[in-house]
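**Student:** Need coordinates for the below:
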Amino acid sequence: MFRSPQKGGRSCRGGFLSSKDFCRRPALPDSRGESFLPRKEFLSWCQEGEASLEKRQSMFHARLQEVERQMEDLQKMINTLKFKCWYYDTAVAAGSEAAVKELPPDRMPEDIREYRI
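**Tutor:** Residues are numbered from 1 along each chain as shown. Next up is the predicted model:
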């Protein structure tokens, strides 16, 4: 069951939502502004009741895998940006990009080495 506090610290139905309540909640948008879940199909499955439990379970597991993959991609981008920030911070401080280009990896900060492109 899903816990959903409402205004004033009170909760629906003793603090838990049924699958019908969850189906009525608006789908959360993803980063592209699209629905977090295939809402129309999901609502149809909710109306089917217990017969569609495995379909709904599968949908949530598939969505979780997709979001985890997106997070991995974002982490790679964050690592690249951390390296680039360090690179240009160091070049500006030294007054030259050559100082950074010639720097051997063992002279780079340890946490930056793993982000090196």
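
**Student:** going forward, measure contacts between C-alpha atoms and count neighbours the same way
**Tutor:** Fine.

**Student:** Can you give me the neighbour number for residue 38?
**Tutor:** Residue 38 has 11 neighbours, counted by other Cα atoms under 10 Å.

**Student:** Repeat that for the one 3 residues further on.
**Tutor:** By the other Cα under 10 Å criterion, the neighbourhood of residue 41 contains 10 residues.

**Student:** Show me what the helix or strand that it is a member of is packed up against.
**Tutor:** When secondary structure is defined by DSSP states H and E, residue 41 falls within helix 39-48. Helix 39-48 sits against helix 19-24, helix 53-94, with contacts defined as 3 or more Cα pairs under 8 Å, 6 or more residues apart in numbering; DSSP states H and E.

**Student:** and the longest one, what does it pack onto?
**Tutor:** Contacting helix 53-94 under the criterion 3+ Cα pairs under 8 Å, 6+ apart are the following elements: helix 39-48, helix 98-101, helix 110-113.

**Student:** Let's see the last one as CSV, backbone CA atoms only.
**Tutor:** In other words, helix 110-113. Extracted as CSV, the C-alpha positions of helix 110-113 are listed here (Å, rounded to 0.1, in the frame of the first residue of the first chain):
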residue,chain,number,x,y,z
GLU,A,110,43.0,11.5,-7.1
ASP,A,111,39.2,12.0,-7.3
ILE,A,112,39.7,13.8,-10.7
ARG,A,113,41.8,11.0,-12.2
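
**Student:** So for stretch 56-65, what gets flagged as buried?
**Tutor:** Within stretch 56-65, the residues that qualify as buried by neighbour count (16 or more other Cα atoms under 10 Å) are residue 56.

**Student:** whoops, stretch 76-90 was the one
**Tutor:** 79-80, 83-84, 86-87.

**Student:** Show me what it is in contact with.
**Tutor:** Stretch 76-90 is contacted by residues 97, 100, 112, 115-117 when judged by Cα atoms under 8 Å, 6 or more residues apart in numbering.

**Student:** how about these, which pair is most distant?
**Tutor:** The distance between the two most remote of those (Cα to Cα) is 18.1 Å, for 97 and 115.
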